[in-house]
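Novice: Structure of the sequence below:
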Amino acid sequence: MKSPELLLTNLNRVARELRGAITYLEDDDLTAQLDSVIRRLFLAELLAKEQVIAIGGSQGAGKTTLVRLMYDLHKSEESPEKGWLPANAGRGESMSVLVLEDDAVDKAQGYLRVLEEQPNLPGHFRIVEHKATSEAEFREACCGNLQGVMLAVLKVPRRFCRHSGQGFMLMPGYEPVHEENQSWQTLMRQALVACSGRVIVTDEIRLANASQLAIQRDLHASHLAGADSLIIVTKTEDYADTPHKLQELRLSAAQAFEIAPERREDLILCTGSSESSVEQWRPQLIQALATVRESTTVSRERQLQQLEQLLSLDLNYVLAGIRSKFALHAAAEQGAGCQIIQEALDAFDQARDSLRDAYKRGLRESLTRHHDGASACMDTLLVDNHEGVINKLTGIFDTVTEKHVSLTGDIKRAWAEPGNYLDTHIEVLGKLTSARLGAPQAFIDRLKTDNHRSNKVARLGYSDDQNQSTEWSKVSPDTLKNLAVVFYPDRDDEGQAGKFSKEMSSSLKLLPAMTLEFARIGSLFPEVFGINSNSLQPLDGGDGVAAAARIQNDFSALQKVGSNVVKGIALMLAVDVAADGHIDTIPALFNALGIGAGTAGMTLAGAATGMVAIGMLTYSVLKEVDRQDRHTRNHALSVLIQFKEHYQAHYLEQFDVLMDQVRARICDSLTVRYRLDEVLMRRDRIAKALADVTSLRLDLQDEIAARARPLLA
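Specialist: Predicted structure coming up:
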């Protein structure tokens, strides 16, 4: 992946789940360590998505004052010691502050992004943004004195950025790392590298002082080398009428930060705090910022190395501590019920992990083929519509917006050219589920061709060419009986409650594939899930009548197509009558879900919708890259890569969410059957969260390694 950071969303989700799970261990030190890593992972995800420029430098260089002058914060304060970002020369904050330009605000306002328990789900954590109750509370957060605060955000009217939602990350002072400052210096260094551009603030004293110069050179060598950083020399208002002095300062800054002679005019700016000085350097700053937004190969390599170290060292260290503590908390004795539940969950987990690996391979290969086709189409569209003398002459009077709209339209057309990816994804699912659930060979062979896509009944694979029902061999009546034992704890289990047989294990190992089969069925009939089959976005009022007609036609064709696979899915979805054989067709399944399915069924159905509703992905990617201000060939081809990577990250996350729902249902049902208390549930929650974080950590490290290889070649 070009942007492995896309996988951080899913990793952060399970890391927050682990945060809630370890409250059972009652270890404040472990909780604090995990909170620190969650903050760093959250920051890594944020900075990978947003266009943010870091403002860094040593203590007292004038970073905060620069930001105050950039946005006239001093004009609305009671005194320099108060306000959102008070003047605090040499003292500095211990947390980075995101200064975010926002069209929705007309004056500065502080916000706090906080890790907190969800009100209706005790023990489950989320990160939410709250408006700061006062300037004093915001200042306390900036000093690291408020528990749970992941990031302080100061929203300001737009002034220096082209788009709302872009901004600056005001860093604490860069200084040598020691025990007392290690936590926030590490976080600051991470943000400095991860930002899309860097502004380094210094002054005359720091350029002349040997110890300060050593700190600045360490900053440059460790975090800035190979990237264009804008150097701002502050406190120069007294030299406004002394050009040769300003030139001396620029030369000193160029030598300290190794700025090439031909780049010094663009990358070194002298500023002052007087009103006349501010009026002079503000326009220069806007122009200079455009030169520091692009990442170089060297800076990108440094970003990936830093993220890999966060995963392999810091996160892994915390996980090891949690595992050790968890082992000490495990009960010395394990009853028969506990052992059976663990064996059941192990069987499911093994099958899920194997299926996930195969799904990831199929997803990656199919998206690569789709992307290659889209890229070939994009090449043609670029030549026909955007490049060459003729296009330049015919478009000479087009506005920037018109050119952007034209290019955006061609990007959409290029991505659509290989066909609707949902159809391709249905086939990826079909190849996986048919092999694992024992589909007839005729159906498996049919999946290898493209001439069956128009017939939904044929695509299901539950009937032959004469429309006679055919069974998938691995979902037998005995399989259904075993699943009824698992999912219906109040039923007569015919003596199976006290044992965990090989047959029971085999049945549970089919559940991950049956879960994907449910997603495949939903993808074939998106209207049932409230998704427009054309746009793949939620149905609106005008779509309802046509969608209802399509559903009715589909269901009429499916009334006589029965399958044990459908019965098994119904059991998994908590549709109780399935155990008596009353539900064996798609219409019966969906009708049962619509007229009173249990909570588990509706939850899983909602999760499956995420695999169908992919229409918004195109919009979200275009909205994200639209803020990068590049409308070139490289930009267009880069957007197609981002489409591919967003689809991959989205589908993998939905896979994990689906499997989590089924696994939780297995655990809940068996816990009721064996009358076990909440201790087992808490233990399993920690074990599962640990496994999930570890798995997604390894996924991300694999993608980083694959991405880094060409950079290092």
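Novice: C-alpha from now on. contacts and neighbour counts both.
Specialist: OK.
Novice: Any stretches of the stretch 101-250 of the chain with poor pLDDT?
Specialist: Within the stretch 101-250 of the chain, the ranges that satisfy pLDDT under 70 run 211-213, 215-217, 219-226.
Novice: Go again with 50.
Specialist: By pLDDT under 50, the stretch 101-250 of the chain has no low-scoring segment.
Novice: And the helices in it?
Specialist: Applying DSSP state H, counting those that start in this stretch to the stretch 101-250 of the chain gives helices spanning 135-142, 182-194, 204-208, 210-219, 243-256.
Novice: Quick check: which of those is nearest to residue 359?
Specialist: Among the helices of the stretch 101-250 of the chain, helix 182-194 comes nearest to residue 359, with 30.5 Å by Cα to Cα.
Novice: Residues contacting that closest one, please?
Specialist: 36, 40, 43-44, 47-48, 54-56, 94-96, 169, 171-172, 174-175, 177, 198, 223-224, 299, 302-303, 306 (Cα atoms under 8 Å, 6 or more residues apart in numbering).
Novice: go on, stretch 29-37?
Specialist: Against stretch 29-37 from outside (Cα under 8 Å, 6+ apart): 19, 22, 23, 148, 183, 314, 315, 318, 321, 322.
Novice: Those residues in strands, which ones?
Specialist: Of the contacts of stretch 29-37, none are assigned to strands by DSSP state E.
Novice: Now compare these and name the two farthest from each other.
Specialist: Among the contacts of stretch 29-37, 23 and 183 lie farthest apart (Cα to Cα), at 22.3 Å.
Novice: if we can go back for a sec, adding mean neighbour count, write the helices of the stretch 101-250 of the chain out as a markdown table.
Specialist: As requested, the helices of the stretch 101-250 of the chain are exported to a markdown table (neighbours: other Cα atoms under 10 Å):
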| stretch | mean neighbour count |
| --- | --- |
| helix 135-142 | 20 |
| helix 182-194 | 21 |
| helix 204-208 | 17 |
| helix 210-219 | 17 |
| helix 243-256 | 16 |
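Novice: what about those helices, which gets the closest to residue 373?
Specialist: helix 182-194 (32.1 Å).
Novice: Could the C-alpha coordinates of the closest one be exported in PDB?
Specialist: Output of helix 182-194 as PDB, limited to C-alpha atoms (Å, rounded to 0.1, in the frame of the first residue of the first chain):
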ATOM      1  CA  GLN A 182      10.500  11.600  27.500                       C
ATOM      2  CA  SER A 183       6.700  11.000  27.000                       C
ATOM      3  CA  TRP A 184       5.900  14.400  25.500                       C
ATOM      4  CA  GLN A 185       9.200  14.800  23.600                       C
ATOM      5  CA  THR A 186       8.600  11.400  21.900                       C
ATOM      6  CA  LEU A 187       5.100  12.500  21.000                       C
ATOM      7  CA  MET A 188       6.400  15.800  19.700                       C
ATOM      8  CA  ARG A 189       9.000  14.200  17.500                       C
ATOM      9  CA  GLN A 190       6.400  11.800  16.100                       C
ATOM     10  CA  ALA A 191       4.200  14.700  15.100                       C
ATOM     11  CA  LEU A 192       7.100  16.700  13.700                       C
ATOM     12  CA  VAL A 193       7.900  13.800  11.300                       C
ATOM     13  CA  ALA A 194       4.300  12.900  10.500                       C
END
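Novice: where's that helix relative to the chain centroid, distance-wise?
Specialist: 21 Å (Cα atoms, centre = their mean, to the nearest Å).
Novice: ok, now stretch 4-20?
Specialist: 8 Å.
Novice: Outside of it itself, which residues are in contact with it?
Specialist: Outside of stretch 4-20, the residues within contact range by Cα under 8 Å, 6+ apart are 31, 34-35, 38, 41-42, 44-45, 48, 117, 123-126, 645-646, 649, 653, 686, 689-690, 692-693, 696-697, 700, 703-704, 707.
Novice: Ok, stretch 67-77 next?
Specialist: Outside stretch 67-77, the residues within contact range by Cα under 8 Å, 6+ apart are 80, 83, 84, 85, 108, 156, 159, 170, 273, 278, 282.
Novice: can you tell me which helix in the chain is longest?
Specialist: helix 336-385 (DSSP state H).
Novice: now for that one, which elements pack on it?
Specialist: Here helix 336-385 touches helix 400-416, helix 421-437, helix 502-509, helix 511-524, helix 633-673, going by 3 or more Cα pairs under 8 Å, 6 or more residues apart in numbering; DSSP states H and E.
Novice: out of those, nearest to residue 204?
Specialist: With respect to residue 204, and counting by Cα to Cα, the nearest of the helices and strands packed on helix 336-385 is helix 633-673 at 40.1 Å.
Novice: Would you mind pulling up the elements that that closest one packs against?
Specialist: Against helix 633-673 (3+ Cα pairs under 8 Å, 6+ apart) you get helix 336-385, helix 400-416, helix 477-487, helix 511-524, helix 599-609, helix 615-625.
Novice: ok now stretch 250-269, how far from the chain's centre?
Specialist: Relative to its parent chain, stretch 250-269 has a centroid offset of 37 Å by Cα atoms, centre = their mean.
Novice: my bad, should have said stretch 234-248
Specialist: Centroid separation for stretch 234-248 versus its chain: 46 Å, with Cα atoms, centre = their mean.
Novice: And for stretch 468-475?
Specialist: With Cα atoms, centre = their mean, you get 39 Å for stretch 468-475.
Novice: repeat for stretch 133-148
Specialist: Using Cα atoms, centre = their mean, the offset of stretch 133-148 from its chain centre is 27 Å.
Novice: got the contact list for that stretch?
Specialist: 35, 82-85, 93-97, 110-112, 114-116, 132, 149, 152.
Novice: Buried among these? Make that a PyMOL selection.
Specialist: Of the contacts of stretch 133-148, the buried ones can be selected in PyMOL as follows, counting by 16 or more other Cα atoms under 10 Å:
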select buried, resi 35+83+84+85+93+94+95+96+97+110+111+112+114+115+116+132+149+152
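Novice: quick one: low-confidence parts of the stretch 251-400 of the chain?
Specialist: 332-333, 389-400.
Novice: what's the average pLDDT for stretch 16-29?
Specialist: Mean per-residue pLDDT for stretch 16-29: 92.
Novice: list the buried ones in it?
Specialist: Neighbour counts over stretch 16-29 (16+ other Cα under 10 Å) mark 16, 17, 18, 19, 20, 21, 22, 24, 25 as buried.
Novice: any idea how far the fifth one lies from residue 196?
Specialist: With distances defined as Cα to Cα, to the nearest Å, the gap from residue 20 to residue 196 amounts to 32 Å.
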